[in-house]
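>>> here is a sequence with its predicted model. Questions after.
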Amino acid sequence: MAQYARSSAVAVIRLCNPPLNALSLAVLQALEDGLKKADADPSVKAVMICGENRKFSAGADIRGFSSPKRHEGALGPIVSLIESSEKPVVAAIEGVALGGGLEVALGCHYRIAHVKAQMGLPEVTIGLLPGAEGTQRLPRLIGLPAALDMITTGKHIPATEALKLGLVDEIVEENTIEAAIRLANKVIGQPLGPRRLSLKPIPRLPNMEAFLREALVKVKKQARGCLAPELCFQAVRAAAERPFAEGVRRERELFQVLLTSGQARALQYAFFAERAVRRWDTPSGASWSSAAPQPVRKAAVIGLGTMGRGIVTSLVKANIPLVALEQDLEYLNKGRKAVMLLLEREAMKMERGAQALDFHNPARLQFTVDFDLLHDVDLVIEAVFENMALKKEIFHKLSKICKPGALLCTNTSALNIDEIASATSCPQQVIGTHFFSPAHVMRLLEIIYGRHTSPTAIATAMQLAKALKKVGVVVGNCFGFVGNRMMFPYVQQAVFLLEEGSRPEAVDQVLEDFGFKLGPFRMSDLAGLDVGWRSRKDQGLTGPSLPAGTPARQRQGQRYSPLPDLLCEQGRFGQKTGKGWYQYERAGGRTATPDPWLHSFLSHYRDTHHIKTRFIDQEEILERCLFSLINEGFAILAEGIASGPEHLDVIYINGYGWPKHRGGPMFYASTVGLPRVLAKLQKYSEVHPDVPGLRPSAFLKKLVAAGNPPIKEWMSYLSQQSSKL
Ligand SMILES: CC/C=C\C/C=C/C(=O)SCCNC(=O)CCNC(=O)[C@H](O)C(C)(C)COP(=O)(O)OP(=O)(O)OC[C@H]1O[C@@H](n2cnc3c(N)ncnc32)[C@H](O)[C@@H]1OP(=O)(O)O
C-alpha cells in the first residue's frame, strides 16, 4: 500500500494502490507509518513521496465515502504530519495529483512535477470539497482567485500552468523521481518555516470583499442547484477571513454537510456509472472483454447539415483523417464554409492553435461529392436527413463502394438500425451512432447495435467514442433507442399538462428548478418543433395520411395531443422561426418570452375540446413528467435494451441535461423510493387510463414487490425472471 525505501539520506515513500494510487485507509496507514519511520531514523535527512506506476495519486478512494469504514477524517492529520516534519519532504508528482493526492503534495515542503502531470482538486465534481485542509493551504500558496477557481470548478491543470501559478516549484521533462531526490538532498538543513503553507498569510487583494461578493454570484449561477460549489466557496472564504486552524474547522463542518447531503452520493454514483458503461455487453453474449476494436485510420462523414458539421469537427479534433461528402456542390460549399468556421473557433479555444488541428490540409480533411472517394475509409458516419428511404439508398451504395470490413454508422435518433442494415450486404458492419447536437460539444454518443451487428463493430464504435472524448453507451435497437424513447412520455405529459390548464413557462420552471438545463418546452423550441412533426407525419399520427374521421385527441384508442402539430401548422417551429411554445426577439433568437398569443390559443383550444381547466401544482407537474420518463426506463431495462440502470443515467446526464447532482433518472427513482414512484404512477394512471406512459411497468412492480432493493441489485431480479422462463 506504500513502499518505504532509501536513497542514501533520503527516505522514499511510494504510494501503491493500482491503477491510480487512490488513498484508501490502508494506503493512508502505510503513509503515516512511513513518515513516522523516517522521522525516527536519524540517518534519514529528507523524505520524498511519490506514486507507483508514474502516478502520484488520484485522491481519496471515492468508494470509501459510502463505506461503513469511512476514511474522510484520516487524511487531514496526515497532511499536517507531513507539514510539521522537521525533515524536508518533497513531492514527486507524476501522472496525476488530484484531490487528496494534491492535498498530500500541499503538505510537502517542496513540489516537483513531470511536465505531463495534471493537478487539481476535483472533489466538487463528486459533491465534496477538499476536506484534508486543501481549501486552506491552496489559497495561501497560489492566491485566492486561482485557488477559488480550481476548487469551485474542480478543473485539472497541466504542470506548465501549475508552475506559472506557483503550485509547483519546478517541472522536469525526464526522471521526476531522480530530480526530486536531488532536490531533497539540496534542501537538507534549510529552514522549513517559510515552506509550511499553514503558516503563510493569504496574499491580499486590493478589494477582497468585492472580489468575494462577485465570485459568489458567479459560483451560484454555475452551480444550478448543486451544493458543493457554494460550500467550496465558503470554505475558501474561511481561509481568507480566519486563522488557519479556524479555517480547517470550518472546512470540516462544511465537508460533513456535503458528505451527508445526498448530492455527494448521487455524483459519486454518476462517476462510477460513467466508468461502468465502458464495460458493455449485449444479451447475445458480446462483450467488451472479448471484442477487439478495428483501427480507424481514415473516416468519412456523409451529409453536412447541422449534425454532420459537428461530427466532422469532432473527428478533426480527434486527429482522424476525413472525407466529408455532400450530395451536390451547392450543399458541399455551404457545408464546407460552416465546418471551417466551426473548426476556426475550436482551434482558437484549443491551446495548440489552428495549425495543430491541420484542417486546411486536404490529406487530413477532404470535401467531395464523389462517393467513390469512400473506397478506402475504415469507417463512415452517415448524417443525412432522418428519412428511411434515403438512408437505405445510401447504405446500399456504401456496401458496394466501401472496402470489406469498413464500419458503416448511421447517425439516427430513432430509426430502425436493422432496416437500414437490410439495404447492405454486410449488416454485421452496420451500427447506430446517435450524436447529440451540437455534436462537437455534447459528450454523449448512443451506440446502437442491430440484430446482426458484430462485437467488433460495437468495440470499434466504443473506441471511436473514446477517441472523440465522448461517453459511449451501448444500447439495443428500438424506436427512439434509450434517450428519445424515455423522452417521449416526458414531453407527452408536458403537453397534456398544457391541455389540462398549465402553461409552458410554468412546466419549464418546475423542471428547471429541479435542475434540468432547459424545461421541455424551451428544449423543443431549441431543437425545432418541425423535427417531431415530420416524424409524427411519417408515423401517420398527423398530416395527410391520417384517416379521415380520426378523433382529434385520440390515436389507436390512446390519448393524443395535437397541440404541437397545430403550432407547426401555424409555422411556429421554435427558435428558428422566432415563435414556438414561446416568442423570441427574431427568427433565430434565443431569448424566450411567454407569448400571450399562445395563452389565448390554449384557452381557445380547451374551449373547443370542452376541456375543463384546473390549477396544476408543481408536484403534479414534476411527478407526471419525471415518473413517466422513469417508468419507460424500467420497461427498457426489462426488454434488455440497456444492460443496467447506469446506462440510462449516463445517457440522461450527458445527452439530455439531467442534473448530475441527482444522479440520473433511475438513481433519482431509487432515492425517491420505488414504492412511492409506483404509487404515484398508479394514482395518475387511474385518472388518465388512456395514457400508457403512466401505466406502471411490470418490472417496477416486481422490484417494489421484492422490497425496493438497492439500485445495484435491480438487474438481478430480471435474470431471476428469465431463468424461470
Ligand atoms: C480522506 C480525505 C477526505 C477528503 C479529501 C479528499 C477527497 C478526495 O480526494 S475525493 C477524490 C478526488 N479525486 C478525483 O475525483 C479523481 C477521480 N478520478 C478521475 O477523475 C479519473 O480516474 C482520472 C482523471 C484520474 C483518470 O482517468 P482515466 O485515465 O480515464 O481512468 P479511469 O477514470 O477509468 O480510472 C481507472 C480506475 O480507477 C478508478 N478510480 C480513479 N480514481 C479513483 C478514486 N479517487 N477512488 C477510487 N477509484 C478511483 C476508476 O473508477 C477506474 O476503475 P473502474 O473502471 O473499476 O471504475
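Perfect, thanks for sending it.
>>> from here on, contacts and neighbour counts on C-alpha atoms
Fine.
>>> ok so residue 380 is a strand residue?
Yes. Assessed by DSSP: H, G, I helix; E, B strand; the rest coil, residue 380 belongs to a strand.
>>> so it makes contact with residue 296?
No. At 10.0 Å, residue 380 does not count as touching residue 296 under the criterion of CA atoms under 8 Å.
>>> between these two, which has more neighbouring residues?
Using other CA atoms under 10 Å as the criterion, residue 380 and residue 296 rank with residue 380 on top: 24 against 18.
>>> ok, the more buried one to the ligand distance?
Using CA to the nearest ligand atom, to the nearest Å, residue 380 is found at 26 Å from the ligand.
>>> burial count for the nearest residue to that residue once chain neighbours are set aside?
Excluding the flanking residues, the one nearest residue 380 by CA to CA, 6 or more residues apart in numbering is residue 300, at 4.6 Å. Around residue 300 there are 28 other residues, counting by other CA under 10 Å.
>>> and residue 300, its phi and psi?
Main-chain dihedrals, residue 300, degrees, to the nearest 10: phi -140, psi 150.
>>> show me what it bridges to in the sheet.
residue 323, residue 380 (DSSP bridges).
>>> my guess is it contacts residue 324, does it?
Yes. Look at residue 300 against residue 324 with CA under 8 Å: they come within range, at 5.7 Å.
>>> for the residue lying closest to residue 117 once chain neighbours are set aside, which residues are in contact?
Spatial nearest neighbour of residue 117, chain neighbours left out: residue 95 (4.5 Å); criterion: CA to CA, 6+ apart. By CA atoms under 8 Å, 6 or more residues apart in numbering, residue 95 lies in contact with 54, 55, 56, 114, 116, 117, 118.
>>> gap between residue 95 and the ligand?
9 Å.
>>> on the pLDDT front, check the residue nearest to residue 380 for me.
On the pLDDT scale, residue 300 is placed at 98.
>>> with residue 414 instead?
Residue 414 carries a pLDDT value of 88.
>>> for the closest residue to residue 4 other than its chain neighbours, what are phi and psi?
The shortest distance from residue 4 to any non-neighbouring residue, by CA to CA, 6+ apart, is to residue 13 (4.8 Å). When quoted as degrees, to the nearest 10, the phi and psi of residue 13 stand at phi -110, psi 120.
>>> and what of residue 14?
Here residue 14 shows phi and psi, under degrees, to the nearest 10, equal to phi -110, psi 120.
>>> who touches it in this structure?
So residue 14 contacts 2, 3, 4, 49, 50, 51, 52 (CA under 8 Å, 6+ apart).
>>> same deal with residue 302?
So, once contact is read as CA under 8 Å, 6+ apart, residue 302 ends up touching 308, 324, 325, 326, 380, 381, 382, 383, 384.
>>> now the host helix or strand of residue 472, how far from the centre of its chain.
Using DSSP states H and E, residue 472 falls within strand 471-475. In terms of CA atoms, centre = their mean, to the nearest Å, the centre of strand 471-475 is found 12 Å from the chain centre.
>>> quick one: average pLDDT of stretch 611-630?
Mean per-residue pLDDT for stretch 611-630: 97.
>>> now swap in stretch 492-502 and tell me
98.
>>> run through who's touching it.
Residues from elsewhere that reach stretch 492-502, judged by CA under 8 Å, 6+ apart: 503-504, 507, 520, 561, 563, 602, 605-606, 611-616, 621, 624-625, 628.
>>> in that stretch, what counts as buried?
Buried residues in stretch 492-502, counted by 16 or more other CA atoms under 10 Å: 492, 493, 494, 495, 496, 497, 498, 499, 500, 501, 502.
>>> mind saving the C-alpha coords of that stretch as PDB?
Output in PDB follows, covering the C-alpha atoms of stretch 492-502 (Å, rounded to 0.1, in the frame of the first residue of the first chain):
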ATOM      1  CA  GLN A 492     -46.100  13.900 -23.800                       C
ATOM      2  CA  GLN A 493     -47.000  14.600 -20.200                       C
ATOM      3  CA  ALA A 494     -45.800  18.200 -20.500                       C
ATOM      4  CA  VAL A 495     -48.100  18.800 -23.400                       C
ATOM      5  CA  PHE A 496     -51.000  17.000 -21.700                       C
ATOM      6  CA  LEU A 497     -50.400  19.400 -18.700                       C
ATOM      7  CA  LEU A 498     -51.000  22.300 -21.100                       C
ATOM      8  CA  GLU A 499     -54.200  20.800 -22.300                       C
ATOM      9  CA  GLU A 500     -55.400  20.500 -18.700                       C
ATOM     10  CA  GLY A 501     -54.600  24.100 -17.700                       C
ATOM     11  CA  SER A 502     -50.900  24.700 -17.300                       C
END
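>>> I appreciate the help and will end here.
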